[in-house]
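Trainee: mind looking at a prediction? Sequence and model below.
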Amino acid sequence: MANPPHGGELKDLLARDAPRHAELSAEAEKLPAIVLSERQLCDLELILSGGFSPLEGFMNEKDYNGVVENNRLSDGNLFSMPIPLDVSKAQIEELAIKPGARLTLRDFRDDRNLAIITVDDVYTPNKANEAKKVFGGDPEHPAVKYLNETAGAFYVGGKLDAINRLEHYDYVALRYTPAELRLHFDKLGWSRVVAFQTRNPMHRAHRELTVRAARARQANVLIHPVVGLTKPGDIDHFTRVRVYQALLPRYPNGMAVLGLLPLAMRMGGPREAIWHAIIRKNFGATHFIVGRDHAGPGKNSKGEEFYGPYDAQYAVEKYKDELGIEVVPFQMMTYLPDSDEYRPKDEVPSGTRTLDISGTELRSRLRTGRDIPEWFSYPEVVKVLRESHPPRHAQGFTVFLTGYQNSGKDAIARALHVTLNQQGGRSVSLLLGETVRAELSSELGFSRADRTRNIGRIAFVASELTRSGAAVIAAPIAPFEDARVHAKELVEKFGSFYLVHVATSLEHSEKTDKRGIYAKARSGEIKGFTGVDDPYEVPAKVNLTVDIEKTSVRSAVHQIVLMLESEGLLDRL
Ligand SMILES: Nc1ncnc2c1ncn2[C@@H]1O[C@H](COP(=O)(O)OS(=O)(=O)O)[C@@H](OP(=O)(O)O)[C@H]1O
């Protein structure tokens, strides 16, 4: 038998309300609806499935205050994370949210009705107090930032009637509800299960740690990674799940099961560790691993840790008698090359040689294509990671040329296009100003707003192409700094961005204009022409400046190629 759920009863609201489904569905169609954000959806999913048992809805003020102040719900049950439904003043007014009202909770992704909330109360949280007591108060903490910048000013509490499960299209078979996972453990005959929480790829150290924990407790292993919301910058869950799937056969004799948890993490360290343990208990685990800096958000901008490395372990230790799930604390695992084994740091005899690869170092090796040794990870895991993190020579990038019309930027762009095509290895896209104007922006003029929109479109296309591994050469006039900065930010989400200022003077650009466009601008036939009667803001920060009066097109292209080469983007294997 699996571990009893927190509070004694699994609050599987979906199962409970299934007989009333038709009635609730019809009612939901008529009620005012709150469209839930991604984070709220994660919370809702775990309330509906019983992952947050004993919660049966979003927290009312009494429960919220109890949790914030003392880690306790009003019925006395231990619970460490506030789970209210945050709303704005406008929503309260528009939807007439008040005690007793019933409202539909809707999925923003597909407009499906998921649940009905019966409002218990609407209250104004003391966010500063919540930030301090729950997360430690540092304004840079991601959950505190969320509270201050994203969460609505008001909280709504109330019980839920469940209507539908959230629809998922990825890894559906691995998304067990607590009831399903309990049944699965039952089927396997597992009575002792040690759960492992993670938001990162797993390597040999993690496999050794979980096997050690299982061995020490004569248990099986539940790999229970978070696939809801984790820390921005984390490796996406698609890649991670493929990593966990690749790792699974490395466990002996079907020892481990993989289940995905749709949790929105808060990175709340000690509070989060207690919450994680409660959730795993609800999913039927009997043991829960809490390692170093569990659910910690890393360091703030001053380089200070938000929590001490073992604060989370102390927190779960404090409540161990009433948690009802045995916490298995672990030190960092480290590799001992001389004996080719992993051990917890505190079990390494002094003077023994150890090896480690940090997350930052791993990301750097993935980026550059450098070797990831077998003592660190399994080849099948590295293969999955490399597919999602191609080395530099296979990554996309954008070269963005800016300058006056006829400055030579188009000639350089065309020549660079040919040069990169000659080199091969990537598809190369050329986005000349005139092409984009004709194909994407034909309705736009040359006002500041229209030019900004035009550059925004170029940036969007360039970022999508960069994401898929192409080389992009864009060459609009792009006279405004803010639009260029925006383009850089957008592209840099997916690859490198190089700004090249073709700084040929206006005089030269005008003098060599064979198409007579400047003449038309001077005569007033074309209005608001860059350099004539419209400004060009010289870029504040560039990767390269070239001037076609002093440099040939060939030499400018060569400078760009050398810049790309120095970054490893043009390496051929
Ligand atoms: N008012 C005004 N100002 C600047 N340019 C003008 C203007 N009116 C038309 N054109 C022609 O449009 C082409 C430049 O468009 P861009 O998309 O590069 O400009 S911007 O980046 O959106 O500012 C460029 O065309 P090509 O020379 O064919 O590239 C300009 O000649």
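Mentor: The structure has been received and is ready for your questions.
Trainee: C-alpha only now, for contacts and for neighbours.
Mentor: OK.
Trainee: for Leu160, give its distance to the ligand.
Mentor: Per C-alpha to the nearest ligand atom, to the nearest Å, Leu160 is found 51 Å from the ligand.
Trainee: give me the neighbour count for that residue.
Mentor: 25 (other C-alpha atoms under 10 Å).
Trainee: neighbouring contacts of the one helix or strand it maps to?
Mentor: Per DSSP states H and E: Leu160 is located in strand 154-162. Contacts with strand 154-162, where a contact means C-alpha atoms under 8 Å, 6 or more residues apart in numbering, come from 13-14, 17-18, 24, 48, 56-61, 84-89, 114-125.
Trainee: and with 6 Å instead?
Mentor: The contact list for strand 154-162, computed with C-alpha atoms under 6 Å, 6 or more residues apart in numbering, reads 13-14, 17, 56-60, 84-87, 115-124.
Trainee: repeat that for stretch 44-62.
Mentor: Applying C-alpha under 6 Å, 6+ apart, the set of residues contacting stretch 44-62 is 6-7, 10-13, 83-85, 157-160, 177, 279, 282.
Trainee: so which of those belong to helices?
Mentor: If you go by DSSP state H, the contacts of stretch 44-62 have Leu13, Ile279, Asn282 in helices.
Trainee: just send the residues you listed back as CSV, with distance to Arg165, pLDDT and neighbour count too.
Mentor: Output for the ones in helices among the contacts of stretch 44-62, formatted as CSV (distance: C-alpha to C-alpha, whole Å; pLDDT from 0 to 100; neighbours: other C-alpha atoms under 10 Å):
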residue, distance to Arg165, pLDDT, neighbour count
Leu13, 10, 98, 22
Ile279, 18, 98, 23
Asn282, 18, 98, 32
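Trainee: out of those, which are close to the ligand?
Mentor: By C-alpha under 6 Å from any ligand atom, no member of those lies near the ligand.
Trainee: can you redo these as CSV with distance to Arg451?
Mentor: As requested, the ones in helices among the contacts of stretch 44-62 are arranged in CSV below (distance: C-alpha to C-alpha, whole Å):
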residue, distance to Arg451
Leu13, 52
Ile279, 51
Asn282, 55
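Trainee: before we move on, the earlier item: CA atoms only: put the strand holding Leu160 into PDB for me.
Mentor: Extracted C-alpha coordinates of strand 154-162, given in PDB (Å, rounded to 0.1, in the frame of the first residue of the first chain):
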ATOM      1  CA  PHE A 154      -6.200  40.700  -4.400                       C
ATOM      2  CA  TYR A 155      -6.600  37.100  -3.500                       C
ATOM      3  CA  VAL A 156      -9.600  34.900  -3.800                       C
ATOM      4  CA  GLY A 157     -10.300  31.800  -1.700                       C
ATOM      5  CA  GLY A 158     -12.900  29.200  -2.400                       C
ATOM      6  CA  LYS A 159     -13.500  25.500  -2.900                       C
ATOM      7  CA  LEU A 160     -13.600  24.000  -6.400                       C
ATOM      8  CA  ASP A 161     -15.900  21.800  -8.400                       C
ATOM      9  CA  ALA A 162     -13.800  20.000 -11.000                       C
END
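Trainee: give me the helices and strands touching the next helix-or-strand element following that strand, please.
Mentor: Sequence-wise, the next helix or strand downstream of strand 154-162 (DSSP H and E) is helix 178-188. Using 3 or more C-alpha pairs under 6 Å, 6 or more residues apart in numbering; DSSP states H and E, no helix or strand is in contact with helix 178-188.
Trainee: the longest strand seen in the chain pairs with which strands, and in what direction?
Mentor: What stands out as the longest strand in the chain, according to DSSP state E, is strand 113-123. When pairing is defined by DSSP bridges, strand 113-123 lines up against strand 102-107 (antiparallel), strand 154-162 (antiparallel).
Trainee: can you give the contact residues for that strand?
Mentor: For strand 113-123, the surrounding residues in contact (C-alpha under 6 Å, 6+ apart) are 99-106, 154-164.
Trainee: change it to 7 Å
Mentor: 28, 60-61, 98-107, 154-166 (C-alpha atoms under 7 Å, 6 or more residues apart in numbering).
Trainee: list only buried entries from the residues you listed.
Mentor: Among the contacts of strand 113-123, those classed as buried by 16 or more other C-alpha atoms under 10 Å are 28, 60-61, 98, 101-107, 154-164, 166.
Trainee: whichever of the contacts of strand 154-162 end up buried, select them in ChimeraX.
Mentor: To isolate the buried members of the contacts of strand 154-162 in ChimeraX, using 16+ other C-alpha under 10 Å:
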select :13,14,17,56,57,58,59,60,84,85,86,87,115,116,117,118,119,120,121,122,123
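Trainee: could you measure from Ala179 over to Asn3?
Mentor: Separation of Ala179 from Asn3 (C-alpha to C-alpha, to the nearest Å): 12 Å.
Trainee: Pro19 now?
Mentor: For Pro19, the distance to Asn3 - C-alpha to C-alpha - is 27 Å.
Trainee: compare the two (neighbour count), which wins?
Mentor: Asn3 (20 against 10).
Trainee: my guess is that one is in a helix, correct?
Mentor: No. Assessed with DSSP: H, G, I helix; E, B strand; the rest coil, Asn3 is coil; it does not lie in a helix.
Trainee: please name the nearest non-neighbouring residue to it.
Mentor: Of all residues not flanking Asn3 in the chain, Gly284 sits nearest, at 4.8 Å (C-alpha to C-alpha, 6 or more residues apart in numbering).
Trainee: before we move on, what about Pro344?
Mentor: Nearest one to Pro344, counting by C-alpha to C-alpha, 6+ apart, is Met333 at 4.2 Å.
Trainee: what do you get for Leu420?
Mentor: Nearest to Leu420 is Val428, by C-alpha to C-alpha, 6+ apart, at 7.0 Å.
Trainee: isn't that neighbour up against Gly469?
Mentor: No. Shown here, Val428 and Gly469 do not form a contact pair, counting by C-alpha atoms under 7 Å, at 9.4 Å.
Trainee: now the residue nearest the centre of the chain, what's its secondary structure?
Mentor: Among the residues of the chain, the one closest to the centroid is Pro232, at 4.1 Å (C-alpha atoms, centre = their mean). Counting by three-state DSSP, the backbone at Pro232 sits in coil.
Trainee: quick check: residues of the chain near the ligand?
Mentor: Residues of the chain found near the ligand (C-alpha under 6 Å from any ligand atom) are 405, 433-434, 437, 446, 451, 454, 476-479, 526-530.
Trainee: kindly recompute the last result at 5 Å.
Mentor: Residues of the chain lying near the ligand by C-alpha under 5 Å from any ligand atom: Gly433, Glu434, Arg451, Pro476, Ile477, Ala478, Gly528, Phe529, Thr530.
Trainee: including distance to Thr419, neighbour count and pLDDT, could these go into JSON lines?
Mentor: Formatted as JSON lines, the residues of the chain next to the ligand follow (distance: C-alpha to C-alpha, whole Å; neighbours: other C-alpha atoms under 10 Å; pLDDT from 0 to 100):
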{"residue": "Gly433", "distance to Thr419": "20", "neighbour count": "21", "pLDDT": "95"}
{"residue": "Glu434", "distance to Thr419": "21", "neighbour count": "15", "pLDDT": "95"}
{"residue": "Arg451", "distance to Thr419": "29", "neighbour count": "20", "pLDDT": "98"}
{"residue": "Pro476", "distance to Thr419": "20", "neighbour count": "25", "pLDDT": "98"}
{"residue": "Ile477", "distance to Thr419": "22", "neighbour count": "24", "pLDDT": "98"}
{"residue": "Ala478", "distance to Thr419": "24", "neighbour count": "25", "pLDDT": "98"}
{"residue": "Gly528", "distance to Thr419": "34", "neighbour count": "16", "pLDDT": "96"}
{"residue": "Phe529", "distance to Thr419": "31", "neighbour count": "21", "pLDDT": "98"}
{"residue": "Thr530", "distance to Thr419": "29", "neighbour count": "20", "pLDDT": "98"}
